[in-house]
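Engineer: Predicted structure and sequence below. I'll ask about it afterward.
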Amino acid sequence: MTMTQNTPEAQAEQTLGSRLLYLRTPNFRGADVEQLQGALGALGFACGGATGVFDAYTEGALRKFQLNMGLEQDGIAGKETYAVLNRLRNAWRDKPQIEEQSYMSLARVATVLERHAVVLFGTCDYTRRIANYVSNLALATNPRSKVVSAESLLVPPSQEMLLTKVAFKDSETDPGVPRVLCDDVPTLPRRMRSAMEMAGQRHQEGMPARMTVEVPQVPMGADDASADQMAHHEAVQLLDALCAAFV
């Protein structure tokens, strides 16, 4: 990718994808930075507004987006990042930046739960507990819910189901599998929706529909009752975000 001059005139002419963007001194500035910030903000990765300046806040949002999309988390807007943004163009083009939003109550999501098939699983006792709590909460809201844990399935999950792994930070994930950090409640549904769209595109290309959701680890020394309370809290937050993402 050819770098162009960093003059005010050249910056004004830049379009998204025309050059590598990353954190440096002096900061990259220009229309392409503003477009990148607008896309990230509309997808749920807050940059502090479309300022046209590639600052540390923008780099942080970009790294979260890359992790969310299963890309290398290097903070550099390059060929692969631009390719994913172009594939998601309909999800961010002409859309507003993320804003604070209230969550849907469980009572309002009954129809959502029976329209979308999601299978959650964990690989340790705590993450399996979260997956089971999500399933139990969903079924308690709507007995016809298709949001279930892998342990509750009587048959293997079908190709139409979104297989969702509940995991800790730094756990292994196959390359290209979208990964969502459950760390910012207001933006979580939108970031989850972006990951779902990427998983759906992978499914259309013949790959399994999969994503990973990353939850905080249990603090050292926490007793079983505290861990159970944390797991239930994470499950409520995760189910709420899943339902909001599908709306």
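Structural biologist: Sure thing, it's come through. Everything numeric here is computed off the predicted structure, so don't read it as measured data.
Engineer: per-residue confidence averaged over the longest helix seen in the chain?
Structural biologist: Secondary structure of the chain per DSSP state H: the longest helix is helix 224-246. On average, the pLDDT along helix 224-246 is 91.
Engineer: now residue 112: how far from residue 62?
Structural biologist: 30 Å (CB to CB, to the nearest Å). (Each C-beta comes from the backbone N, C-alpha and C, glycine too.)
Engineer: Sorry, wrong one. I was asking about residue 48.
Structural biologist: 13 Å.
Engineer: Ok, residue 216 next?
Structural biologist: 22 Å.
Engineer: neighbour-wise, which of these two wins?
Structural biologist: residue 62 (26 against 12; other CB atoms under 10 Å).
Engineer: Does the more buried one touch residue 39 like I think?
Structural biologist: No - the criterion here is CB atoms under 8 Å, and residue 62 misses it with residue 39 at 10.1 Å.
Engineer: quick revisit: need the contact partners of the longest helix of the chain.
Structural biologist: The contact list for helix 224-246 (CB atoms under 8 Å, 6 or more residues apart in numbering) reads 101, 103-104, 106, 109, 112-113, 115-116, 118, 126, 129-131, 133-134, 137-138, 147, 166, 182, 185, 188-190, 192-193, 196, 213, 215-216, 218-219, 222.
Engineer: can we see that at 6 Å?
Structural biologist: Here helix 224-246 makes contact (CB atoms under 6 Å, 6 or more residues apart in numbering) with 103-104, 109, 112, 116, 129-130, 133-134, 137, 188-189, 192-193, 215, 218.
Engineer: Also stretch 199-210?
Structural biologist: Counting by CB under 6 Å, 6+ apart, 162, 163, 177, 178, 211 sit against stretch 199-210.
Engineer: what do you get for stretch 91-101?
Structural biologist: With CB under 6 Å, 6+ apart as the criterion, stretch 91-101 contacts 39, 41, 42, 43, 44, 46, 186, 187, 190, 197.
Engineer: Run a quick neighbour tally on residue 219.
Structural biologist: With other CB under 10 Å as criterion, residue 219 counts 9.
Engineer: returning to what we had before: of all the contacts of stretch 199-210, which comes closest to residue 156?
Structural biologist: Distance to residue 156, by CB to CB, is smallest for residue 163 among the contacts of stretch 199-210, at 10.4 Å.
Engineer: Just the buried positions in the longest helix of the chain, please.
Structural biologist: Of all the residues in helix 224-246, those buried under the rule 16 or more other CB atoms under 10 Å are 230-232, 234-235, 237-246.
Engineer: in the protein, which ranges drop under the pLDDT threshold?
Structural biologist: 1-13, 99-109 (pLDDT under 70).
Engineer: Show me the helices in it, by range?
Structural biologist: Ranges of helices within the chain are 8-13, 31-42, 56-68, 79-87, 89-92, 110-115, 125-141, 188-204, 224-246, based on DSSP H.
Engineer: Export the second one to CSV, keeping only CA atoms.
Structural biologist: Only the C-alpha atoms of helix 31-42 are listed here, as CSV (Å, rounded to 0.1, in the frame of the first residue of the first chain):
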residue,chain,number,x,y,z
ALA,A,31,-10.7,12.1,5.8
ASP,A,32,-9.7,8.4,5.9
VAL,A,33,-9.1,8.6,9.6
GLU,A,34,-12.5,10.2,10.1
GLN,A,35,-14.1,7.5,8.0
LEU,A,36,-12.3,4.8,10.0
GLN,A,37,-13.5,6.3,13.3
GLY,A,38,-17.0,6.6,11.9
ALA,A,39,-17.1,2.9,10.9
LEU,A,40,-15.7,1.7,14.2
GLY,A,41,-18.0,3.9,16.2
ALA,A,42,-21.1,2.7,14.2
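Engineer: For that helix, which outside residues touch it?
Structural biologist: Helix 31-42 is contacted by residues 12, 14-16, 18, 47, 50, 52, 54, 58, 61, 65, 77, 85, 92, 95, 97-98 when judged by CB under 6 Å, 6+ apart.
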